[in-house]
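Student: Fold the following and give me the result.
(chains A and B)
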Amino acid sequence: MHKAPRGTFDILPQEHVYWKYVEEKAASLCQLYGYQPLSTPIFEDAEIFTKAVAGGTDIVDKEMYIFEDKSGQELALRAEGTAPVCRAYLEHGLFNLPQPVKLYYIGPAFRYERPQSGRYRQHHQFGFEALGEADPALDAEVIEMARHFFCSLGLSQFLIQLNSIGCKLCRPGYLEVLKQHYSDYTDRLCPDCKVRLVKNPLRLLDCKKPTCHEIARTAPKITDYLCRECQLHFQSVQEYLEVMHITFQLNPGLVRGLDYYTRTVFEVEPQENGGQSTLGGGGRYDDLIEELGGKPTPAVGFAAGLERIILNLKKQKVDIPALPKPDVFIAYLKGEAKTEAMKLASELRKAGIAVIMATGDKSLRAQMRQAGSLDIACALILGEEEVSKRNVMLRDMRSGEQKTIPLAEIAAFLKQLRI
RNA sequence: GUGAGCGUAGCCCAGUGGUUAAGGCGCCAGGUUGUGGCCCUGGAGAUCGUGGGUUCAAAUCCCACCGUUCACCCCA
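Tutor: This next block holds a predicted model:
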């Protein structure tokens, strides 16, 4: 027996209510903020990701699904959403439009890692990106939009954490100071942090091990080492957020996993969290588009994980609207009634009425049981008697009331019922 | 990649060495020669994750593998 591959899953009909709910909220949010949909391929030249995300991060080093196609092209399954958006922005000359260009996407992303709660090899991200504008007002708008998104979903228990990680001018200086601080403690660091010290020093700051955490707590803060421009930018992001009454928590230890971030970084966390809890995160990435071969182009964006959102919708018991049910169920008896029933089903559907037609020549009892378990509001029954008089029996499945209606009038009658 | 827990019908699960592996949900049929929900009766559905070992005897004990869950790393 085959199973869905490790870290992937099927979304069964009863789960789809959640997906539809989240996707619709996402689309209407984007409409509200002037973001337009963009779909990119599910695989890209591997370089799109290796250049964007950069080595030294696990995503590139060990989590990418890389393969060669028959021509020897090195391709990778989409590892994250931002880089492909930037690629499309460059490829289609969207930099010629009035800036910023505001785009959003919903789609799968792939990472080869061990699955656990809220983490999958194929997961789904909703993200939006504003490209071509450096104004800190846009950073604040993106954060406000992220908050708006979670609120509109009915998720109330979350926290926004904010930090600035500077730019390529001021960050290197800070990293030196940071390494300096850690050089006094190298022997006390956990094995992971010893690696981080060399490979990705910023990550030292959010190690959860008690001894490392203590060293991180006393470490110099990046926000004290920002250059003048980064400082002003960060300050005004915060001012705009305050004006919009967005509550946030400054977290000098907040570092995003992807290397392309500059200046503003933020994360949205549920209040009570287990392991893989981050609902979404984002920030500014002013150097990425240049890195991908474009002119220097500032940009800012956000991405959220749909699986984690749905996990929290369930945890917080948010009411989700049910998928619409078919309007009528058609049951039939014996030979001639069946042909008549097929004709009727076809006609009703042409009239826009959603029909489930019984099949399999089961007993009327079985057919009614099926109508009941499908929770359909009314059933149409066609037997010899009805057919010979050109009638159909209409049964209201809630009340159990029945009436006979001429076949010629049933479509109009049902339409009128639904108003 | 590391660590821990768990694998018995589609789903939830009882069974911890001894007959044909029990129950609930769901499914199918009947009780109603043309009527669902409640009730009653019957039925189908399980190589007890896989392989090896211990034993007169293994779902049960041991080992390995696989799968899965959770956590670490990392991230959405």
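Student: can you pull the contacts of A:Arg78?
Tutor: A:Thr40, A:Pro41, A:Ile42, A:Phe43, A:Glu44, A:Pro84, A:Gly107, A:Pro108, A:Ala109, A:Phe110 (CB atoms under 8 Å, 6 or more residues apart in numbering). (Glycine included, C-beta is placed from N, CA and C.)
Student: ok and the residue in the stretch 151-300 of chain A nearest RNA strand B?
Tutor: Proximity of the stretch 151-300 of chain A to RNA strand B (CB to the nearest atom of the strand) peaks at A:Gly257, 2.0 Å away.
Student: Am I right that that residue is in a helix?
Tutor: No - assessed with DSSP: H, G, I helix; E, B strand; the rest coil, A:Gly257 is coil; it does not lie in a helix.
Student: Can you list which of the contacts of A:Arg78 are found in helices?
Tutor: Here DSSP state H is the test, and the contacts of A:Arg78 give A:Pro84 as lying in helices.
Student: Is the helix-or-strand element of chain A with minimal mean pLDDT in proximity to RNA strand B?
Tutor: Lowest by mean pLDDT, DSSP states H and E among the helices and strands of chain A is helix A:58-61, with a mean of 71. Yes - Helix A:58-61 is in contact with RNA strand B by CB under 7 Å from any atom of the strand, via A:Asp58, A:Ile59.
Student: Any regions of chain A where pLDDT drops low?
Tutor: Scanning chain A with the threshold set as pLDDT under 70 gives A:55-56, A:61, A:273-275, A:419.
Student: And the strands in the stretch 201-350 of chain A, which stretches?
Tutor: With DSSP state E, counting those that start in this stretch as the criterion, the stretch 201-350 of chain A has strands at A:249-250, A:262-270, A:280-284, A:299-305, A:328-332.
Student: so the second one versus strand A:280-284, what angle?
Tutor: The one in question is strand A:262-270. Put simply, strand A:262-270 runs at 170 degrees to strand A:280-284, going by axes from the mean of the first three to the mean of the last three CA atoms, to 10 degrees.
Student: which strands and helices sit next to strand A:262-270?
Tutor: helix A:136-153, strand A:158-164, helix A:228-243, strand A:280-284, strand A:299-305 (3 or more CB pairs under 8 Å, 6 or more residues apart in numbering; DSSP states H and E).
Student: Pull the longest one out as CSV, backbone CA atoms only.
Tutor: What that stands for is helix A:136-153. Extracted C-alpha coordinates of helix A:136-153, given in CSV (Å, rounded to 0.1, in the frame of the first residue of the first chain):
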residue,chain,number,x,y,z
PRO,A,136,9.7,52.8,6.6
ALA,A,137,6.0,53.6,6.3
LEU,A,138,5.8,50.5,4.1
ASP,A,139,7.5,48.3,6.7
ALA,A,140,4.9,49.5,9.2
GLU,A,141,2.1,48.9,6.7
VAL,A,142,3.3,45.3,6.1
ILE,A,143,3.4,44.6,9.8
GLU,A,144,-0.1,46.2,10.3
MET,A,145,-1.3,44.1,7.4
ALA,A,146,0.1,40.9,8.9
ARG,A,147,-1.7,41.8,12.2
HIS,A,148,-4.9,42.5,10.3
PHE,A,149,-4.7,39.1,8.6
PHE,A,150,-4.5,37.2,11.8
CYS,A,151,-7.3,39.2,13.4
SER,A,152,-9.5,38.7,10.4
LEU,A,153,-9.0,35.0,10.7
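Student: picking that back up, which parts of the least confident helix or strand of chain A are buried?
Tutor: A:Ile59, A:Val60 (16 or more other CB atoms under 10 Å).
Student: With just CA atoms, put it into PDB.
Tutor: The C-alpha coordinates for helix A:58-61 follow below in PDB (Å, rounded to 0.1, in the frame of the first residue of the first chain):
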ATOM      1  CA  ASP A  58      20.100  25.000   6.600                       C
ATOM      2  CA  ILE A  59      17.600  25.700   3.900                       C
ATOM      3  CA  VAL A  60      20.300  25.800   1.300                       C
ATOM      4  CA  ASP A  61      22.800  23.400   2.900                       C
END
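Student: List the contacts of that helix.
Tutor: For helix A:58-61, the surrounding residues in contact (CB under 8 Å, 6+ apart) are A:Phe49, A:Thr50, A:Val53, A:Ala54, A:Gly55, A:Ala79, A:Glu80, A:Arg111, A:Glu113, A:Gly257, A:Leu258.
Student: Is it correct that the fourth one is in contact with A:Gly257?
Tutor: Looking back up the chat, that one is A:Ala54. No - using CB atoms under 8 Å, A:Ala54 makes no contact with A:Gly257, being 10.9 Å away.
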